[in-house]
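Colleague: using only what follows, build the 3D model:
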Amino acid sequence: MPTLNWIGKDAVIKHHLEVPFHLLKDVPELSCGDPGTGNIIAQGDNLIALKALLPHFAGQVKCVCIDPPYNTGMDDRDDSGKRAGWRYNDNVSSPEILDWLGKVVGVEAEDLSRHDKWLCMIYPRLALLKRFLRPDGVIFISIDDNEVASLKLVMDELFGRRNFLGCVIWKNTTDNNPTRIVTEHEYVLCYAANVDNLPKEWKSVNLDVKERLLRIGDEILHEFSDQEARQEAYTKWFRKHKDEVWPFQDYKFIDQGGVYTGLRGVHNPGKEGYRYDVLHPVTKKPCKEPLMGYRFPETTLTKLLEEGRIIFGDDDRKLIELKVYAKDYRSKLSSLFELDGRIGTNEIKAIFPDDKRPFDFPKPTGLIEELISFTTSGTDLILDSFAGSGTTAQAVLQLNRADNQQRRFILVEMKESNAKAITAERVRRVAEGYTNAKGEKVAGLGGGFRFCELGEPLFDETGHIRETVKFGELARHVYFCETREPLPRERVPNTPLLGVCRGLAVYLLFNGILGDKSSNGGNVLTRKTLAKLPPFAGPKVIYCAGCLIGAERLAEEGITVRQTPYEIRVS
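Modeller: Numbers count the residues shown, from 1 in each chain. Predicted structure coming up:
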């Protein structure tokens with residue numbers, strides 16, 4: 001497989017493994033609503049922040065959705081609003097990036113082009129993001145012509161070419177300026193963690209037309225209790241608006257379950273299916289059978305009949321159809337998507353009416369909703385490590401309100417002023433409600449988030465555990481290092497037995513967890529402390545400051561000892 005090479009690659013391909021683990025520090029005064037919602041906004045360099053989040057969320061994210069710097073050569077704005085250079089690696093002269101490149105890449109960093117620098121920035125971050133994905137997870141990356149070719153090769157290398165799912169062409173503008181080829185689009189690349197774990201088809205429930213149809217149906221059901229009157233009222237509305245309801249132009253009927261249509265979904269496509277008789281309710285004769293038989297076994301069709309989900313013709317000469325309600329309709333994710341990019345700017349201006357330019361070129365929430373509506377549901381977790389103005393969080397909250405799901409988000413924003421004044425504040429206003437530029441009250445969508453900042457590293461310069469580290473903080477780190485899985489969120493580590501993973505029990509003796517607060521008290525594995533440990537009939541690994549038990553007894557107990565801090569991974 002072809003691979004991409006650039007100056008500095010050798011220095012960064014394993015850099016994500018060398019980044020030290022830091023602690024996350026809660027900032028309650030900047031948090032919003034119920035912190036138990038599972039939503040997080042973290043402020044700090046996203047490479048370090050991702051490493052800090054890894055012990056908590058590795059392998060748990062269903063969808064990563066990022067909008068990294070496009071490397072256009074144009075500067076970002078500083079805190080005063082002046083053009084001052086890109087914050088990540090778009091700005092080839094950014095002090096933060098020059099310092100980072102000098103430490104990681106070395107002296108050759110001085111010779112890098114802006115494209116080399118961009119690749120040095122993006123590679124370790126993508127490598128870390130991959131570790132967050134569930135086996136059935138996906139990643140969406142927004143990009144434009146400046147780096148799309150390089151990004152595709154980097155993603156093929158990191159994720160594997162077979163996991164490339166496609167490229168969405170987002171037409172976001174109309175440009176009438178004279179030039180050779182007018183660029184009116186951007187890209188969204190999509191990769192799977194493992195394509196074998198994905199469903200064969202993605203469908204979405206979030207369509208404006210669908211919501212309109214459901215609203216009309218609910219109004220008619222509320223107004224009319226008689227079925228004939230319901231259908232008459234709906235037919236009258238449908239004929240008047242048929243040209244406005246694509247792709248619902250065949251949803252001509254209504255009953256107590258709502259607006260529906262009939263589909264030949266019971267017919268087996270392409271190969272021989274099930275054969276049995278389905279009696280017409282009026283003629284009592286078998287209905288005409290599909291050419292290739294029925295798609296479902298007879299027991300399934302019987303259940304559909306009992307649920308009123310089968311539509312019959314006037315007599316038995318018509319093929320039966322499956323009743324499909326508009327509320328269950330799911331659309332397709334197309335490789336062509338048209339949405340005016342200016343909508344994103346208008347959205348954030350409405351939320352911040354007193355700021356003429358709160359953020360440059362934010363993505364429209366409609367774009368993010370389109371992507372995550374096809375790939376997430378329930379309590380799925382969405383991660384955006386280039387959070388910017390917080391578009392992803394708003395899209396998650398809006399989509400949850402539309403389809404009554406409970407998706408969660410994690411945002412990481414590097415720039416402190418952005419994270420506090422824009423990212424977090426936007427999500428707060430959207431969740432709690434705000435007054436727009438017209439003076440109108442906009443109701444809140446509900447939800448909340450924890451605001452976190454990067455704390456100190458777990459280990460000091462000498463490699464020892466910092467004195468300020470709490471048991472729970474080290475417990476999560478130890479459990480992750482040993483199992484490569486995060487400690488379950490519902491576990492509050494107040495016992496030396498942190499958990500059992502794949503038949504292995506993980507213990508930690510630290511900070512006098514057994515009640516002995518003296519120097520090294522309870523942190524050394526002795527026969528006395530062993531007797532106090534919660535029992536487990538199987539192999540055990542015990543992290544402790546030392547061990548005074550002989551090798552023979554350890555073997556009898558199935559114990560592997562790892563001495564802290566020397567046998568704890570620091571990165």
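Colleague: now stretch 177-189: average pLDDT?
Modeller: Summarised as a single mean, pLDDT over stretch 177-189 is 89.
Colleague: in this protein, what helix or strand scores lowest on average pLDDT?
Modeller: Per-element confidence for the chain was summarised using mean pLDDT, DSSP states H and E. The lowest value among helices and strands belongs to helix 95-104, with a mean of 64.
Colleague: state the next helix or strand along the chain beyond that one.
Modeller: Using DSSP states H and E, the helix or strand that follows helix 95-104 in sequence is helix 114-132.
Colleague: just the CA coordinates for that next one, please, in PDB.
Modeller: What follows is the C-alpha trace of helix 114-132 in PDB, where atoms were taken according to Å, rounded to 0.1, in the frame of the first residue of the first chain:
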ATOM      1  CA  ARG A 114       3.700  24.200   6.400                       C
ATOM      2  CA  HIS A 115       2.500  20.900   5.000                       C
ATOM      3  CA  ASP A 116       5.100  19.000   6.900                       C
ATOM      4  CA  LYS A 117       4.200  20.800  10.100                       C
ATOM      5  CA  TRP A 118       0.500  20.100   9.600                       C
ATOM      6  CA  LEU A 119       1.200  16.400   9.100                       C
ATOM      7  CA  CYS A 120       3.400  16.400  12.200                       C
ATOM      8  CA  MET A 121       0.500  17.900  14.100                       C
ATOM      9  CA  ILE A 122      -2.300  15.700  12.900                       C
ATOM     10  CA  TYR A 123      -0.700  12.300  12.900                       C
ATOM     11  CA  PRO A 124      -0.300  11.700  16.600                       C
ATOM     12  CA  ARG A 125      -3.700  13.100  17.300                       C
ATOM     13  CA  LEU A 126      -5.400  10.800  14.800                       C
ATOM     14  CA  ALA A 127      -3.400   7.900  16.300                       C
ATOM     15  CA  LEU A 128      -4.800   8.700  19.700                       C
ATOM     16  CA  LEU A 129      -8.300   9.200  18.500                       C
ATOM     17  CA  LYS A 130      -8.300   5.700  17.000                       C
ATOM     18  CA  ARG A 131      -7.800   4.300  20.500                       C
ATOM     19  CA  PHE A 132     -11.100   5.900  21.700                       C
END
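Colleague: same for that helix, what does it pack against?
Modeller: Under the contact criterion of 3 or more Cβ pairs under 8 Å, 6 or more residues apart in numbering; DSSP states H and E, helix 114-132 touches helix 9-12, helix 15-18, helix 46-57, strand 61-66, helix 95-104, helix 148-159. Backbone N, C-alpha and C define where each C-beta goes, glycine included.
Colleague: from residue 513, how far off is residue 494?
Modeller: Distance of residue 494 to residue 513, given as Cβ to Cβ, to the nearest Å: 8 Å.
Colleague: likewise residue 247?
Modeller: If you measure residue 247 against residue 513 using Cβ to Cβ, the figure is 59 Å.
Colleague: who's more crowded, the two?
Modeller: When neighbours are counted by other Cβ atoms under 10 Å, residue 513 comes out ahead of the other of residue 247 and residue 513, with 20 against 12.
Colleague: surely residue 258 is in contact with residue 326?
Modeller: Yes: with contacts defined as Cβ atoms under 8 Å, residue 258 counts as touching residue 326 at a distance of 6.3 Å.
Colleague: give me the common contacts of the two.
Modeller: 214, 217 (Cβ atoms under 8 Å, 6 or more residues apart in numbering).
Colleague: these two - which one has more neighbours?
Modeller: Per other Cβ under 10 Å, whichever of residue 258 and residue 326 has more neighbours is residue 326, with 23 against 19.
Colleague: ok, which stretches of the stretch 251-400 of the chain are helices?
Modeller: Along the stretch 251-400 of the chain, counting by DSSP state H, counting those that start in this stretch, helices occupy 298-306, 342-351, 365-375, 391-403.
Colleague: mean neighbour count and distance to residue 282 added to those, as CSV?
Modeller: Formatted as CSV, the entries for these read as follows, by neighbours: other Cβ atoms under 10 Å; distance: least, Cβ to Cβ, whole Å:
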stretch, mean neighbour count, distance to residue 282
helix 298-306, 13, 14
helix 342-351, 18, 52
helix 365-375, 23, 41
helix 391-403, 23, 38
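Colleague: between those helices, which one is nearest to residue 474?
Modeller: Closest approach to residue 474 among the helices of the stretch 251-400 of the chain (Cβ to Cβ): helix 391-403, 30.0 Å.
Colleague: what's the following helix or strand past that closest one in contact with?
Modeller: Counting by DSSP H and E, the element after helix 391-403 in chain order, helix or strand, is strand 408-413. With contact meaning Cβ under 8 Å, 6+ apart, strand 408-413 is reached by 37-44, 46, 49-50, 53, 57, 61, 379-388, 390, 392-393, 396, 419, 423, 427, 449.
Colleague: okay, strand 408-413 in PDB with CA atoms only?
Modeller: Once non-C-alpha atoms are left out, strand 408-413 reads as follows in PDB (Å, rounded to 0.1, in the frame of the first residue of the first chain):
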ATOM      1  CA  ARG A 408     -23.300  12.200  25.100                       C
ATOM      2  CA  PHE A 409     -20.400  14.400  24.000                       C
ATOM      3  CA  ILE A 410     -16.800  15.100  24.800                       C
ATOM      4  CA  LEU A 411     -15.300  18.300  23.500                       C
ATOM      5  CA  VAL A 412     -11.700  19.400  23.700                       C
ATOM      6  CA  GLU A 413     -10.700  23.000  23.000                       C
END
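Colleague: what pairs with that strand, parallel or antiparallel?
Modeller: When sheet partners are counted by DSSP bridges, strand 408-413 sits next to strand 40-43 (parallel), strand 381-384 (parallel).
Colleague: quick one, it and helix 46-57 angle?
Modeller: Here strand 408-413 points in a direction 160 degrees away from that of helix 46-57 (axes from the mean of the first three to the mean of the last three Cα atoms, to 10 degrees).
Colleague: nearest residue to the middle of this structure?
Modeller: By Cα atoms, centre = their mean, the mean C-alpha position of the chain lies nearest to residue 382, the distance being 1.8 Å.
Colleague: pLDDT score for it?
Modeller: 98.
Colleague: and it, how close does it get to residue 348?
Modeller: Counting by Cβ to Cβ, the gap from residue 382 to residue 348 is 19 Å.
Colleague: of the contacts of strand 408-413, keep whichever come out buried.
Modeller: 37-44, 46, 49-50, 53, 57, 61, 380-388, 390, 392-393, 396, 419, 423, 427, 449 (16 or more other Cβ atoms under 10 Å).
Colleague: follow-up on the earlier one: what bridges to the residue nearest to the centre of the chain?
Modeller: For residue 382, the beta-bridge assignment (DSSP bridges) gives partners residue 63, residue 409.
Colleague: how close does it get to residue 561?
Modeller: If you measure residue 382 against residue 561 using Cβ to Cβ, the figure is 40 Å.
Colleague: now do the shared contacts for residue 494 and residue 513.
Modeller: Counting by Cβ under 8 Å, 6+ apart, the residues touching both residue 494 and residue 513 are residue 471.
Colleague: just checking, residue 407 touches residue 399?
Modeller: Yes: with contacts defined as Cβ under 8 Å, residue 407 counts as touching residue 399 at a distance of 6.7 Å.
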